[in-house]
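could you look at this predicted model? Sequence included:
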Amino acid sequence: MAGRKDIRGAILIFALLMGFWLLLSATLHWQHLLVGTVLSLGITFTWSRIKIGGGRRTSFSLKQTGLMLYYLLCLIWEVLKANIMVALIVLNPRLPVSPGIVITRTALKRDLMRALYANSITLTPGTITVDLEDDRLVVHAITVPAGHGVLDWYLSDQAKKIEGEGS
Amino acid sequence: MIKHLAAMILMGSGFFFLAVSAIGLIRMPDVYNRMHALGKCDTLGNWLLILGLILVIGDLTSAAKMALIIILVALINPVMTHLLAKTSYGLGMDLVEGSYLLDDYTSPKVNEERGEQKG
C-alpha cells in the first residue's frame, strides 16, 4: 500500500511541519527539537491514513500556482475597494442602501474552487454569499450595481482558468 | 522613524475600519446588511492592524505568528459571515422593505447560451 510516492509525500509533509515548528519556536534547544520531531512524526503518520475528497490526488502545476497568486492579489485589491465602499455607505448620513437577493449559477466544477469563489464573493464589493448548493449561488447585494456585478465578475473567469489547468 | 510613521498610518486605518464595522452593525436596516459591514470591514481592519504591529515589532518569529493570524482571519471571517447569513436565510428572516430579487438561475441569458451549445 505504501508506495514510493507515498514515502516521498510523507517526507515532504514532515519537512513542512518541522520547518513550521522551527519558525514558531525559534530555538534549537534539544527539548524543542524532540517535541517537534515527535509531533511531526505523529501527524505525518495519522495524515497518511486520511483520504480527502474521494481519494483523488490534489495536483499543483507551476502555472496554476502563478494564476492562484494573481487571483489572491486581485482579491486583496477587491477587498480594499469593498471596504472603502462599505465605509462610504455606513458613514453617509442618508444611508444609501438598496439591498436585494441575486440568484445565479456558477460555472465552477470542483468543490474546493467553489468554496474559494464563494468566500471571495463574501469579501468583495457589496456582496455576501448566502447559500451555495451544487451550482445554485444565492448572493445578497447591498446596492443594485453590486448585485448586477456578481453576474459577470472577472474573478469567476480567473477561477475557471485555475480549475482548467488542474484537470 | 519612517517605519513608525508607516505603522501608525496602518494601525490608524485599521482602527478606522473596525470602527466603521461597529457603526455599520448599529446603523444597517436588516440582518444581511449588517453582515456586509461586519464581514468586510472587520477583515481589513484586522489585517491593517496586524501589519502595523509587524512593522513595529519587526521580529521574525512574532511576524510569522502574526502572518498566520492574518491568514486565519482571511479564512474564518467570510466563512462565519456566510454561516450567519445562511442560517438567517434558512430561518426565513425578513429582508428590509424595498429589497429587489434578481433571478439569473432561470433567466433568458443562460437559456440562450444553452441553446447555442445545442445548435
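Now that the structure is in, tell me what you want to look at.

please, which helix or strand holds residue A:109?
Assignment of secondary structure by DSSP states H and E places residue A:109 within no helix or strand.

list phi and psi for it.
Taking degrees, to the nearest 10, you get phi -100, psi -40 for the backbone angles of residue A:109.

how many neighbours does it have?
Neighbourhood size, residue A:109 [other CB atoms under 10 Å in any protein chain shown]: 13. Using the backbone N, CA and C atoms, a C-beta is placed for each residue, glycine as well.

so what are the domain limits for chain A?
Segmentation of chain A into domains, based on automatic domain parsing, reads A:4-47, A:62-166.

the residue nearest to the spatial centre of chain A: what's it in contact with?
Centroid-nearest residue in chain A, with CA atoms, centre = their mean: residue A:116, separated by 4.2 Å. For residue A:116, the contacting residues are residue A:159, by CB atoms under 8 Å, 6 or more residues apart in numbering or on different chains.

ranges for the helices of chain B?
For chain B, applying DSSP state H gives helices covering B:2-27, B:31-57, B:60-91, B:108-118.

would you turn these into TSV with mean neighbour count, mean pLDDT and distance to residue A:45?
What follows is these, written out as TSV (neighbours: other CB atoms under 10 Å in any protein chain shown; pLDDT from 0 to 100; distance: least, CB to CB, whole Å):
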stretch	mean neighbour count	mean pLDDT	distance to residue A:45
helix B:2-27	16	88	41
helix B:31-57	22	85	34
helix B:60-91	16	85	24
helix B:108-118	9	43	48
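
looking at those, which is nearest to residue A:67?
Nearest to residue A:67, of all the helices of chain B, is helix B:60-91, at 18.5 Å by CB to CB.

elements contacting the closest one?
helix A:4-25, helix A:111-123, strand A:127-133, helix B:31-57 (3 or more CB pairs under 8 Å, 6 or more residues apart in numbering or on different chains; DSSP states H and E).

from chain B, how far off is residue A:103?
5 Å (CB to the nearest CB, to the nearest Å).

around that residue, count how many other residues there are.
18.

SS state for it?
strand (DSSP: H, G, I helix; E, B strand; the rest coil).

now do the same for it: its pLDDT.
For residue A:103, the pLDDT comes out at 80.

do residue A:48 as well
68.

over to residue B:107?
57.

how about residue B:75: what's its closest non-neighbour residue?
Distance criterion CB to CB, 6 or more residues apart in numbering or on different chains; nearest residue to residue B:75, sequence neighbours excluded, is residue A:119 at 7.7 Å.
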